[in-house]
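Novice: I would like to see how this sequence folds:
(one chain, ligands or ions: 3)
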Amino acid sequence: MKPNHQQSNGLQLHQGRRNFLKISAGITAGCSIGLPSWAIDCTNTHPGNELRLPPSWNNGDDLIVAPGALEIFPGNQTSVLAINGAVPGPTIHLTRGDTFNARVVNNLNNPLVLHWHGLLAPERQDGHPRDQVAAGESYDISYKINQRGSTCWYHSHTNHLTAEQVYMGLAGFFIIDDPEHDALGLPAGDHDIPLVISDWRSNANFEFTYTPGNPDLMRGYLGDTPLINGTPEAYLCVDQNLHRFRILNGSTARIYKLAFSDGRSFQLIGSDGGLLSAPVPVTNAVLAPGQRLEILVDFGNISVGNSVTLISLGVPLDAGPSNPAQNNTFHLMTFYVEQASSVATPPTALIPITPLVAADAVVSRSFVISNSGTTHYIDGQLFELERVDFEPTQGKLELWEYQNTGNVYHPMHMHAAHCQVLERVGGSLLPEDAGWKDTVLIYPNETVRLLVRFDHHPGKFLHHCHNLEHEDNGMMQNFEILPFANADLQINFTGTSYEISWLVDASGALESTPDLSTDSWQPIAQTPILVNGRQTLTLPATGNQTFFRLALR
Ligand code: C2O
Ligand code: CU
Ligand code: CU
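Specialist: Residues are numbered from 1 along each chain as shown. Ligands and ions are numbered 1, 2, ... in the order given. Below you'll find the model as predicted:
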């Protein structure tokens, strides 16, 4: 579909300014910079460390990326790569409809580009490695956020340096608020808590030493110590009320299977692309690198003074050599219930999601993901910065199939769109496959089908494995979204009606919506008539702003 509309709003392309400027190389290695605040006070002392919360950020502030040292592990300084002095970086918190404005300042000794994972950013602002800037340079970001409320994140996407830069700290939350969600009454404020899980490979110097060997290139660089928001042995003091946790797997490679130590059930309410249509009760959920899950947890049946631990059950099929192995159970963080409280009732319905329909797909693509030794391929090839591997057309529904012919997990991530998982061939869909996804875990020897429509920005974007060792070593492709122009959808607003027409050879259904940032498009029932080689119809204007699109078949 070519989105055409009356107001200059919505899907207009924002070609960002890229004002490069030299920043004097103020490298601050060795000096101590601020830790995220320790935001929640506990009444009692507990073993371990109180959960850190990332600092906040104001739209328009710089994002200054620089080396530094932080007391990640009590009593020890650790060399890190920090954003505005923090690991994880500050949480970018904006509302649907806002224009995201920031200057990214690279004070590293290496090139850098930041990617806004889950955001539908214009081509040259998405964080493609061809847009990385050299040490000492900076660049500006400015684009409008036109998508559903969701828990996204941002991280380094530097060519061949993504894994190391993320491992050393270059990641943070990017949360999109959505006025449409406010009425749901979900837990808010200090009952709405972001948790990013990463894992550290421990060593006596308390450093984030990144030296992957051959087994690490195979399965990824697995650590042995989970960090939650950069906190080792993290705990959080809570009351008994319902809590919303926005959980991000920011690890380079480790897959978690989230569960609680007492086997309690919790409710999945959101995934990569925002809220599900309804909460799904589960007792565990798999979270692969790059993915987000939002959950509701009710601590009402834990008496004050007791605790419950968030654990990872480990995933099957992969008994890798590192400690703990992927298939072991280990602790992530502990919740101490310190206050009695009534428990709010969770909503029974969330935000409707229109299912994509396989029969509507006009393009099918399959990707063979494989490995030979420690090298991982998409269709037998390794990434090249400028090579375009395929060209989707804007607005056309595509059916993608990832065929994993090897015995290694691959969390496959696409930029520029969210998808819906259609089928795990020979198996059934998992609760964590629900909703809009941008990262889908493909199990060893599994084929997964999904549906995707690139209906935001045209241009060159990436899909890749989010096991960052696999990505850095070439398990990535470029695709170029071609703007759809052939239908030549034209809309003339007369003051009382819309005169709409498009070229006859574009067969498709005209749809409309009053609000571009939802995914609820309504088909227009009226049948067009042929006038001078164009399909045409006239619709009365409603007085409200209306957006039209042609959904191509
Ligand atoms: Cu979160 Cu292209 O990555
Ligand atoms: Cu991404
Ligand atoms: Cu992979």
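Novice: Wasn't residue 190 part of a helix?
Specialist: Yes - assigned with DSSP: H, G, I helix; E, B strand; the rest coil, residue 190 falls within a helix.
Novice: At the contact with ligand 1, which residues of the stretch 401-550 of the chain appear?
Specialist: 413, 415, 462, 464, 466 (Cβ under 6 Å from any ligand atom). Where you see a C-beta, it was placed from the backbone N, CA and C, and this is true even at glycine.
Novice: got a winner among these for most neighbours?
Specialist: Greatest neighbour count in those, by other Cβ atoms under 10 Å, goes to residue 466: 29 neighbours.
Novice: I'd guessed that one sits against residue 289; true?
Specialist: Yes - if you go by Cβ atoms under 8 Å, residue 466 and residue 289 touch, sitting 4.6 Å apart.
Novice: Of the residues of the stretch 401-550 of the chain next to ligand 1, which belong to helices?
Specialist: Per DSSP state H, helices hold no members of those.
Novice: can I get those residues in TSV with pLDDT and distance to ligand 2?
Specialist: Shown next, in TSV, are those (pLDDT from 0 to 100; distance: Cβ to the ion, whole Å):
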residue	pLDDT	distance to ligand 2
413	98	5
415	98	5
462	98	7
464	98	9
466	98	8
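Novice: Mind checking which of these are in strands?
Specialist: 413, 462, 464 (DSSP state E).
Novice: Next, the contact list for the second one, please.
Specialist: In other words, residue 462. 128, 414, 415, 476, 477, 478, 479 (Cβ atoms under 8 Å, 6 or more residues apart in numbering).
Novice: Show me what stretch 216-227 is in contact with.
Specialist: 72, 163, 167, 197-202, 210, 212, 232, 234, 251-254, 289, 312, 318, 320, 322-324, 326, 330-333, 371, 373-375, 408-409, 467-470, 473.
Novice: let's see it at 6 Å
Specialist: For stretch 216-227, the external contacting residues (Cβ atoms under 6 Å, 6 or more residues apart in numbering) are 197-202, 212, 232, 252-254, 320, 322-323, 332, 374, 467, 469.
Novice: again with stretch 278-298
Specialist: By Cβ under 6 Å, 6+ apart, stretch 278-298 touches 151, 242-249, 251, 255-259, 263, 265-272, 313, 343, 346, 349-350, 411, 413, 431-432, 439, 441, 466-467.
Novice: What mean pLDDT does the one helix or strand residue 448 maps to get?
Specialist: Per DSSP states H and E: residue 448 is located in strand 447-453. For strand 447-453, mean pLDDT rounds to 97.
Novice: re earlier: could you flag which of the contacts of stretch 278-298 are buried?
Specialist: Neighbour-count burial (16 or more other Cβ atoms under 10 Å) applied to those gives 151, 242-249, 251, 255-259, 266-272, 313, 346, 350, 411, 413, 432, 439, 441, 466-467.
Novice: And for residue 358, the neighbour number?
Specialist: Residue 358: 15 neighbours (other Cβ under 10 Å).
Novice: surely residue 164 meets residue 210?
Specialist: Yes - if you go by Cβ atoms under 6 Å, residue 164 and residue 210 touch, sitting 4.4 Å apart.
Novice: the more surrounded of those two?
Specialist: The residue with more neighbours, out of residue 164 and residue 210, is residue 164; 23 against 16, by other Cβ under 10 Å.
Novice: got the contact list for residue 276?
Specialist: Counted by Cβ under 6 Å, 6+ apart, residue 276 has contacts 269, 350, 434, 435.
Novice: related to what we said a few turns ago, so which elements touch the strand holding residue 448?
Specialist: Using 3 or more Cβ pairs under 6 Å, 6 or more residues apart in numbering; DSSP states H and E, the elements in contact with strand 447-453 are strand 397-404, strand 419-424.
Novice: The helix or strand just after the shortest one and ligand 3 in contact?
Specialist: For strand 419-424, the following helix or strand on the C-terminal side (DSSP H and E) is strand 439-442. No - shown here: strand 439-442 not in contact with ligand 3 (Cβ under 5 Å from the ion), separated by at least 8.3 Å.
Novice: Contacts for strand 439-442 next, please.
Specialist: So strand 439-442 is contacted by 272, 288, 290-291, 402, 404, 410-413, 421, 448, 466 (Cβ under 6 Å, 6+ apart).
Novice: Isn't residue 256 up against residue 311?
Specialist: No - counting by Cβ under 6 Å, residue 256 stays clear of residue 311, with 9.1 Å between them.
Novice: Within range of ligand 3, give me the residues from the stretch 451-553 of the chain.
Specialist: 465, 467, 470.
Novice: Now do the contacts for the second one.
Specialist: By that I understand residue 467. 220, 253, 289 are the contacts of residue 467 under Cβ under 6 Å, 6+ apart.
Novice: do residue 48 as well
Specialist: 233, 235.
Novice: Spell out which parts of the protein neighbour ligand 2.
Specialist: Close to ligand 2, as judged by Cβ under 5 Å from the ion, the chain has residues 117, 415.
Novice: Where does the prediction get shaky in the chain?
Specialist: Regions of the chain meeting the criterion pLDDT under 70 cover residues 1-40, 316-327, 485-486, 504-508, 533, 552-553.
Novice: Phi, psi for the residue nearest the centre of it please.
Specialist: Taking Cα atoms, centre = their mean, the centroid of the chain lies closest to residue 118, which sits 3.7 Å from it. Main-chain torsions, residue 118, degrees, to the nearest 10: phi 100, psi -20.
Novice: and it, what does it touch?
Specialist: 152, 272, 438.
Novice: From ligand 1, how far off is it?
Specialist: 8 Å (Cβ to the nearest ligand atom, to the nearest Å).
Novice: For that residue, which non-adjacent residue is closest in space?
Specialist: Leaving aside its chain neighbours, residue 118 sits nearest to residue 152 (3.2 Å; criterion: Cβ to Cβ, 6 or more residues apart in numbering).
Novice: Wait, a strand at that neighbour?
Specialist: Yes - assigned with three-state DSSP, residue 152 falls within a strand.
Novice: Go ahead and confirm it touches residue 173.
Specialist: No - at 7.6 Å, residue 152 does not count as touching residue 173 under the criterion of Cβ under 6 Å.
Novice: just to revisit the earlier point, residues shared between the contacts of residue 466 and residue 289?
Specialist: With Cβ under 6 Å, 6+ apart as the test, residue 466 and residue 289 both reach residue 411.
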